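Student: Below is the sequence, then the predicted model.
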Amino acid sequence: NAGVTQTPKFQVLKTGQSMTLQCAQDMNHNSMYWYRQDPGMGLRLIYYSASEGTTDKGEVPNGYNVSRLNKREFSLRLESAAPSQTSVYFCASRAAGYGTDTQYFGPGTRLTVL
Amino acid sequence: GDSVTQMEGPVTLSEEAFLTINCTYTATGYPSLFWYVQYPGEGLQLLLKATKADDKGSNKGFEATYRKETTSFHLEKGSVQVSDSAVYFCALSNAGGTSYGKLTFGQGTILTVHP
């Protein structure tokens, strides 16, 4: 099993450009999440998908959109990138049900917006 | 809302020293508590967890006890190694209500262990 995979690993954008970060999991998990990691601030939730076909905003959703394409895939889109979106982005997934609250993380995408 | 506070870092220790990283939380209900570790250039890995009061999570020589009375989940290790150098995150998951099990993280503590 690959677990949670993310592409690309690194990306440099100019202000105003758009891009989509891809995430896929092969653990048959229902819930998926996108976080951003900034120095001294831990990880903050951008969007999540509790199950296939649903998405909801997290703490810092402005400037982002998401698509839960199917049970495996959850993408994050930046429509018009800004320097404030320079960060490391992590995707995570979680099984459903009582006692299964552990999230599994991908390796991350390091994004720089110039 | 829910929140997690970790001790300020970075922490620098010599090999075989004792490690404590403090973590306290604020949450409604009965959250699960986690420690995640991030090695350089990698994603987060679950280190240990505890799902109810007085539970002790342990893994790779690390331990943490869920103390509801002090709302704490401090991470300890008796003898650290150079390979333990990483960033450590305390987190909670409040699966009740509409939170859908999302994690709330502390700010992270950088640990550096010297030979």
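Tutor: Structure received. Computed from a prediction, not measured in an experiment: that's the story for all the values here.
Student: Please pull out the lowest mean pLDDT helix or strand from the chain.
Tutor: All of this refers to chain A. strand A:103-105 (a mean of 91; mean pLDDT, DSSP states H and E).
Student: actually chain B
Tutor: That would be, for chain B by mean pLDDT, DSSP H and E, strand B:103-105 at a mean of 90.
Student: for it, packing partners?
Tutor: Packing partners of strand B:103-105 (3 or more Cβ pairs under 8 Å, 6 or more residues apart in numbering or on different chains; DSSP states H and E): strand A:43-49, strand B:3-6, strand B:86-93. In this view, the C-beta of every residue, glycine as well, is placed from N, C-alpha and C.
Student: Check the gap between the closest residue to chain A within chain B and A:Thr112 for me.
Tutor: Of all residues in chain B, B:Phe105 sits closest to chain A, with a separation of 3.7 Å (Cβ to the nearest Cβ). As judged by Cβ to Cβ, to the nearest Å, B:Phe105 and A:Thr112 stand 22 Å apart.
Student: out of the two, which sits in the more crowded spot?
Tutor: B:Phe105 (22 against 13; other Cβ atoms under 10 Å in any protein chain shown).
Student: Tell me which residues touch that one, please.
Tutor: Neighbouring residues of B:Phe105 by Cβ atoms under 8 Å, 6 or more residues apart in numbering or on different chains: A:Gly42, A:Leu43, A:Arg44, B:Val4, B:Tyr36, B:Phe89, B:Cys90, B:Ala91.
Student: Can you give me the pLDDT of the third one?
Tutor: As summarised for this prediction, A:Arg44 has a pLDDT of 93.
Student: Okay, angle between the helix or strand harbouring A:Tyr33 and strand A:43-49 too, please.
Tutor: Assigned by DSSP states H and E, A:Tyr33 belongs to strand A:31-37. Interaxial angle of strand A:31-37 relative to strand A:43-49 (axes from the mean of the first three to the mean of the last three Cα atoms, to 10 degrees): 150 degrees.
Student: which bits of chain A sit near chain B?
Tutor: A:4, A:31, A:33, A:40-45, A:48, A:50, A:56, A:58, A:90, A:92, A:94, A:98-99, A:101-108 (Cβ under 8 Å from any Cβ of the partner chain).
Student: Pop out the phi and psi values for A:Met41.
Tutor: phi -120, psi 10 (degrees, to the nearest 10).
Student: Within its local environment, how many residues does it see?
Tutor: Around A:Met41 there are 14 residues (other Cβ under 10 Å).
Student: pretty sure it is touching B:Phe89, no?
Tutor: No. Using Cβ atoms under 8 Å, A:Met41 is not in contact with B:Phe89, being 11.1 Å away.
Student: What helices and strands are in contact with the least confident helix or strand of chain A?
Tutor: Against strand A:103-105 (3+ Cβ pairs under 8 Å, 6+ apart) you get strand A:87-94, strand B:44-50.
Student: deepest of the ones you listed, which one?
Tutor: strand A:87-94 (a mean of 24; mean count of other Cβ atoms under 10 Å in any protein chain shown).
Student: For that one, which outside residues touch it?
Tutor: A:4, A:6, A:21, A:23, A:25, A:27, A:29-38, A:43, A:46, A:74, A:76, A:100-106, A:108-111, B:43-44, B:101, B:103.
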